[in-house]
Each structure stands twice: as C-alpha cells, then as structure tokens.
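Colleague: dropping the sequence and predicted coords here.
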Amino acid sequence: MWWSYIDMWLSWASTICCNSSTFGFSIHGCVIQAAIGAGYIASARSRGKELRRIREDEATGNPFGFLYHDINSLETSAQESLPRVAVVMPLKGVGQFNVGNWRTQVTSLYGGEVEFLFVVESTDDPAYNAVSRLLQDLGKQVRGRVIVAGLSTTCSQKVHNQLAGVDAMHKDTKYVLFLDDDVRMHPGTIGSVVRHMEENPKIFVTTGFPFDIITQRCMKAYCIFEYHMPCSIGFGASGGQTFFLWGGFMMMHAEDFRTNRYGLVTGLRYGGYSDDMTLAAVAAANKRIISSPPDTVFFHPLGRVTFKQYWNYLRKQSIVLETHITTVNYLMNRALFYTHCWLSWGLCFPYLTSLIHLLVILRYFFTSNPDFNPDIMTGFIVICCTITSSLIEVLSMKHLSRVEIDLCNTLSPESTPVSIQPYDWFLVFLATIISNFTYPFAAFTSMMTQHINWSGVDYYFQNGKMCRIERPKRKTKDPKNGSRTNNGAWDAKRFQSTIIGRLIQFICGVGF
C-alpha cells in the first residue's frame, strides 16, 4: 500500500520537475556551471602563459627567470635605482602556518630599500612576541620592526593597524604593500609588482589572489577552497586589469595615503571595515586602474576547519557587501549581493531536480504499476546536462589548480614543491554543492543582523558604515542568565545583540 503513496508523490514531483519553468531553471543552473568552467579555462590560459614565459627564460640561459625576464635587471646599478617599499602586515594572534608565512614575506629578493612593518593592537597579542623572536633570529638580514597600534575605535582593527603602519613608514617610501598574515609570498613578488607599477604609473593598486593548499581531509576546508576558486576568475582571467581587489595583497602609491587622495584615508579611518571593498569603490568612483598581474597568485595553507569557523568565514565574506561609501557603490553591492545569491542557488537547483528525476526513472523501470507513467525523457535530458556541466566545472577547476600550483612552485623554487595529488576531487564536487547552498543563508544573515564577530570583536553596521565596536569583557558570564544581568534584571542591550533581537530590529526598524 505504501508503494502507491510513493508512486503518487513521485508522479507529482515529476510533473513539477518536467514543467517548462522548472526545466528552464535546471538548464539555467547547468549553464552557470559551464560558464564557471569557461572562466577557469581563461584563468588557466593567462597563468599558463606566465609559467611558459618563465620556463622559456630558464631554457635560454636565464636561471633567474622567476625573478626577472630581463637578466640585465639584476645588475647592481639597476637594483640600486629601485624605489623604496614599505610592507605593512596587520597581525592578530598566531595561527598554525603564520610564522612560516611571515618568514616567506620578509625573505624577499627585492634589490631596493624595503622595510617590514608588523602591526599589532597591543603587546598582549601573541603575535607580538612571535614576530619579535622572528626578527631577532633574522638579525640584520631584514629591516623590520613591530608597531603597537592600540585599539581601534572608529574602524575595524585591521584597517586601524594598516593606517598605523602607513603613519610609521619612511618619508621616502614610494610604494606601500599591504599583506595578510596568511599569504605565503614568493622571493621575487615585490620586485615584480614594483616593476609593474613603474611601467604604468596610472595603476591605483596592484593586487593578487590566494590558492588554498588543503593540508587535511576536511569538508569545510574544501568548501573554502571551492568558494575561492570562482572568485579567482576575476583576478586571473583578464591577465591584467580587473574590477576586483583582494585585501590580502595590495600595493599602492604611498603618496596617495600621505595626501589622503580621493579621501581614501578618511573613508578607511571613519567607519571603514573592509579595506579592499573601500579601495575598490574609490577606484571605481574615480576611474582608476586595479591591476592583477598573472604572477600574483600565492599559496594559502588551510588546516582543519570547524563548521563554526566556516560559517563565520562566509559571514565575513558577505558582510562587506553591506558597506558602501557612495550611492553608486551601494547599488553595485546590492546587485552583487543578489546576483551572488541567485547564482549560488541557481547552481544547486539542477542537483535537486536531477535527484528527483533519477528516483522517478529508477521507480519507472522497477515498478509494475501501469498507472505510473512519468515523462522520463525530460528527466534524462536534465540528468545528462547536470552531469556534463558538473564535469566541465570540476575538470576545468582541476586544470586551473594544476597550472596555479606549477606557477607557484616555479616562482618559489627554494620552497618544498606542492603537489595536486592529495586533492580529493569528489570532495571538491560535494563542496561545490554545499558551499553554494550555504552562502545565501550566511549572506541574508549578515544583511538582517548588520553584525559580524571578527577575531573575537563584535562589529555593528549602520548606513553602510561600521558604527559600533564591542570587545569581550574579561569577566566570565553565566550562560544561564541569557539576556538578564547578574542580579536577574532584564538587560535590553544584551538581548538587542542576540540574533533574535537583531531580527526584531531589522523587521521593526527600531531599537528597544
């Protein structure tokens, strides 16, 4: 008897999935996947061209092709004329791979004057002692110092640290490079980017993008990897000029900060949360160039990631779309927000309909019920399109990954080579579905709450700006009290900071 109910449900589901609108949405999702695959191929072509150029230089007698394509650039006279660079690295805590990353950042083969400014919020930060020991071990090999910026009050702690580093740089500095502590830099990166900036003074900022190294078999780490890969298309496919900016690697003209050009320092210092989104908006508003050379791709080691860490990562990625500095910037971020959510769920939709079609087809071939007569041909078409588009995306992603790994290995010949062999591409396929299904939930949560916790600090937003910072108090809290004070009285402010309280504020538009 229960088989008849299953047949009834499958017939109903098959009718919906074979509807012209549902069929169209399914094919739309397959087209999204195929388009992403095409983006991977374009990025691989751009990165591969740079890789071949380096190998051709080495084959023609230039063993330093990973540093300079023109070996004459290594002459002493050419190196001494290079402009001064300040490398600003805002730090917070010490992670599993941070010390190794810092070592690659300071051991640069740049021939000009370069100073490394590690910026922490206080001497209590574990990064303070770790960096101090690193600089002490390196001695006179590196010109670096640790700067204590203090706690931020009007912007995010990262932006506050960056601006403190800018204030501390040498007066003759021509270029300032902002680095995140999770970037594993190549020996010739600074020289390559400086040369790129010198060749085209109209460039406002030169940026790059990370490539995740999966060090453990962890689904959440694969989800982060899968989230990064489509984003990398905007940095690699063009092979040069782009509209996107990654805050983990940004080289800019130091004079732009000294003169507060376009009000960029003001925009960052007062209410600034995301450095890259703010600077990208400034570049767009003033028609300035953002450049992403094909050799600015960097290894980014990923360890084990918990779901809480992954969820907070998605929230941090989506909350930046809630910030803006102009009306045009607001409209662009809104469009990007809804487009990203639409594409994410649109990509997942064919898998839902394909699963239903597959169950219907299996039941059709193994049932003796003469009344069960679904449209299996439409189901075959959807399933075949979904399989084909999935293979296109995953295989194209694998091809791009192989090219970027080879390029990074070539740009850092002194480091232990990274291999593509440990990557589990079935987990990558599953991560594609999980990541795209999860992102819109994180994005809408960010939009409703206007709040994010970053490194233990709560940031609140209003009208596109960061409006309030709350740092954890040292005293312990009784979890049983919930939204009440220690004496049992109602604490409206604490309830207001909960997700239910923020949801009520979002719906009603008022506080309490």
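Modeller: Received, thanks.

Colleague: those strands in this structure, which residues are they?
Modeller: Along the chain, counting by DSSP state E, strands occupy 85-90, 114-120, 144-148, 175-179, 203-207, 209-214, 241-242, 249-253, 289-291, 297-302, 451-454, 457-462, 465-470.

Colleague: which one of the ones you listed lies nearest to residue 106?
Modeller: Proximity to residue 106 (CB to CB) singles out strand 114-120 among the strands of the chain, at 5.2 Å. C-beta: built from backbone N, CA, C; applies to glycine.

Colleague: re the thing from before, now render the strands of the chain as CSV, adding distance to residue 74, mean pLDDT and mean neighbour count.
Modeller: Shown next, in CSV, are those (distance: least, CB to CB, whole Å; pLDDT from 0 to 100; neighbours: other CB atoms under 10 Å):
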stretch, distance to residue 74, mean pLDDT, mean neighbour count
strand 85-90, 18, 95, 25
strand 114-120, 16, 94, 24
strand 144-148, 24, 93, 18
strand 175-179, 20, 96, 24
strand 203-207, 22, 95, 23
strand 209-214, 27, 93, 22
strand 241-242, 28, 86, 16
strand 249-253, 21, 95, 23
strand 289-291, 24, 94, 19
strand 297-302, 23, 91, 23
strand 451-454, 42, 88, 18
strand 457-462, 45, 91, 16
strand 465-470, 45, 90, 16
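
Colleague: quick one, which of those strands is nearest to residue 390?
Modeller: Nearest of these (CB to CB): strand 209-214, 19.9 Å.

Colleague: and the closest one, what does it pack against?
Modeller: helix 219-236, strand 297-302, helix 376-411 (3 or more CB pairs under 8 Å, 6 or more residues apart in numbering; DSSP states H and E).

Colleague: elements contacting the shortest one?
Modeller: Strand 297-302 sits against strand 209-214, helix 219-236, helix 376-411, with contacts defined as 3+ CB pairs under 8 Å, 6+ apart.

Colleague: can you check what angle separates that strand from strand 249-253?
Modeller: Using axes from the mean of the first three to the mean of the last three CA atoms, to 10 degrees, the direction of strand 297-302 lies 140 degrees away from that of strand 249-253.

Colleague: alpha carbons of strand 297-302, as PDB, please.
Modeller: The C-alpha coordinates for strand 297-302 follow below in PDB (Å, rounded to 0.1, in the frame of the first residue of the first chain):
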ATOM      1  CA  VAL A 297      49.000  34.100  -7.000                       C
ATOM      2  CA  PHE A 298      50.100  32.800  -3.600                       C
ATOM      3  CA  PHE A 299      49.800  29.600  -1.700                       C
ATOM      4  CA  HIS A 300      47.400  29.800   1.300                       C
ATOM      5  CA  PRO A 301      47.700  26.800   3.600                       C
ATOM      6  CA  LEU A 302      44.400  25.600   5.100                       C
END
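
Colleague: start at 4, not 1
Modeller: Sure thing, new numbering starts at 4, so read that last one as strand 300-305.

Colleague: that strand: how far from the chain's middle?
Modeller: 11 Å (CA atoms, centre = their mean, to the nearest Å).

Colleague: ok, now the longest one?
Modeller: For helix 379-414, the distance from its own C-alpha centre to the chain's C-alpha centre is 21 Å (CA atoms, centre = their mean).

Colleague: run a quick neighbour tally on residue 426.
Modeller: Residue 426 has 18 neighbouring residues, counting by other CB atoms under 10 Å.

Colleague: repeat for residue 142
Modeller: Quick note: residue 142 (other CB under 10 Å) scores 7 neighbours.

Colleague: before we move on, the earlier item: what's the closest of the helices and strands packed on strand 212-217 to residue 43?
Modeller: Closest among the helices and strands packed on strand 212-217, once you apply CB to CB, is helix 379-414, at 3.7 Å.

Colleague: against which helices or strands is that closest one packed?
Modeller: By 3+ CB pairs under 8 Å, 6+ apart, helix 379-414 packs against helix 5-20, helix 23-62, strand 212-217, helix 222-239, strand 300-305, helix 330-368, helix 428-452.

Colleague: now the helices and strands packed on strand 300-305 as a markdown table including distance to residue 11?
Modeller: Shown next, in a markdown table, are the helices and strands packed on strand 300-305 (distance: least, CB to CB, whole Å):
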| stretch | distance to residue 11 |
| --- | --- |
| strand 212-217 | 45 |
| helix 222-239 | 36 |
| helix 379-414 | 17 |
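
Colleague: compare the mean pLDDT across the helices and strands packed on helix 379-414 and name the weakest.
Modeller: Here the helices and strands packed on helix 379-414 differ in mean pLDDT, and the lowest is helix 5-20 at a mean of 76.

Colleague: ok, back up a step: for residue 141, which of the helices and strands packed on strand 300-305 is the nearest?
Modeller: Checked against CB to CB, the stretch from the helices and strands packed on strand 300-305 lying closest is helix 379-414, at 21.5 Å.

Colleague: pretty sure residue 31 is touching residue 350, no?
Modeller: No: the pair residue 31 / residue 350 is not scored as a contact, 9.3 Å apart, by CB atoms under 8 Å.

Colleague: okay, residue 68 and residue 290: tell me how far apart.
Modeller: 35 Å (CB to CB, to the nearest Å).

Colleague: more crowded one of these two?
Modeller: residue 68 (21 against 7).

Colleague: what about the spatially closest residue to that one that is not a sequence neighbour, neighbour count?
Modeller: Sequence neighbours aside, residue 60 is the residue nearest to residue 68 in space, at 3.0 Å (criterion: CB to CB, 6 or more residues apart in numbering). Here the count is done by other CB under 10 Å, and residue 60 has 19 residues near it.

Colleague: isn't residue 60 right up against residue 72?
Modeller: Yes: in this structure, residue 60 is within contact of residue 72 by CB under 8 Å, at 5.7 Å.

Colleague: ok, residues contacting stretch 20-40?
Modeller: 19, 233, 236, 346, 349-354, 356-357, 359-360, 363, 377-378, 381-382, 385, 388-389, 391-393, 395-396, 398-400 (CB atoms under 8 Å, 6 or more residues apart in numbering).

Colleague: what residues does the residue lying closest to residue 305 once chain neighbours are set aside make contact with?
Modeller: Leaving aside its chain neighbours, residue 305 sits nearest to residue 224 (4.5 Å; criterion: CB to CB, 6+ apart). By CB under 8 Å, 6+ apart, the contact set of residue 224 is 215, 217, 218, 305, 306, 307, 308.

Colleague: tell me which two in those residues are the farthest apart.
Modeller: Across the contacts of residue 224 (CB to CB), the longest gap, 13.2 Å, separates 215 and 307.
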